[in-house]
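S.K.: got a predicted structure here, sequence first:
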Amino acid sequence: MKSIKTFAALIALSAISFGSFAQTVTATGPTLDSAEAKIAAKAEQAGTAYRIIEATSNNGVHMTAQLIK
């Protein structure tokens with residue numbers, strides 16, 4: 001019985017730990033401003049701030065950001 005309670009506690013702590021990791025989101029657009037606006041909208045929808053971690057431009061813009069609490 002004690003091992004079941006320990007296992008349940010371990011699972012609960014793992015779920016909390018995984019929930020605290022930052023989530024990444026991506027967006028594409030014709031300009032940096034348009035791609036960032038899409039990232040900002042996703043962050044606002046999630047109720048978080050964001051940090052751009054990557055942006056590339058090759059006949060359009062691809063941007064990746066982390067949503068941070």
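M.R.: Ah, there it is. Nothing here was measured: the structure is a model prediction, and the numbers come from that model.
S.K.: which stretches of the protein aren't confidently modelled?
M.R.: The model of the chain has pLDDT under 70 over residues 1-21.
S.K.: that one: strands as residue ranges?
M.R.: Ranges of strands within the chain are 23-29, 49-57, 61-68, based on DSSP state E.
S.K.: and the shortest one, what does it pack onto?
M.R.: Yep, that's strand 23-29 we're talking about. Secondary structure elements in contact with strand 23-29, counted by 3 or more C-beta pairs under 8 Å, 6 or more residues apart in numbering; DSSP states H and E, are helix 32-46, strand 61-68. Just so you know, the C-beta spots here come from the backbone N, C-alpha and C atoms, and that holds for glycine as well.
S.K.: dump the residue contacts of residue 30.
M.R.: 60, 61 (C-beta atoms under 8 Å, 6 or more residues apart in numbering).
S.K.: mind redoing it with 6 Å?
M.R.: Residue 30 sits next to residue 60 when contact means C-beta atoms under 6 Å, 6 or more residues apart in numbering.
S.K.: any chance of the strands of the chain in JSON lines, plus distance to residue 42 and mean neighbour count?
M.R.: Conversion of these to JSON lines gives the following (distance: least, C-beta to C-beta, whole Å; neighbours: other C-beta atoms under 10 Å):
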{"stretch": "strand 23-29", "distance to residue 42": "5", "mean neighbour count": "15"}
{"stretch": "strand 49-57", "distance to residue 42": "8", "mean neighbour count": "13"}
{"stretch": "strand 61-68", "distance to residue 42": "7", "mean neighbour count": "18"}
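S.K.: okay then, goodbye and thanks.
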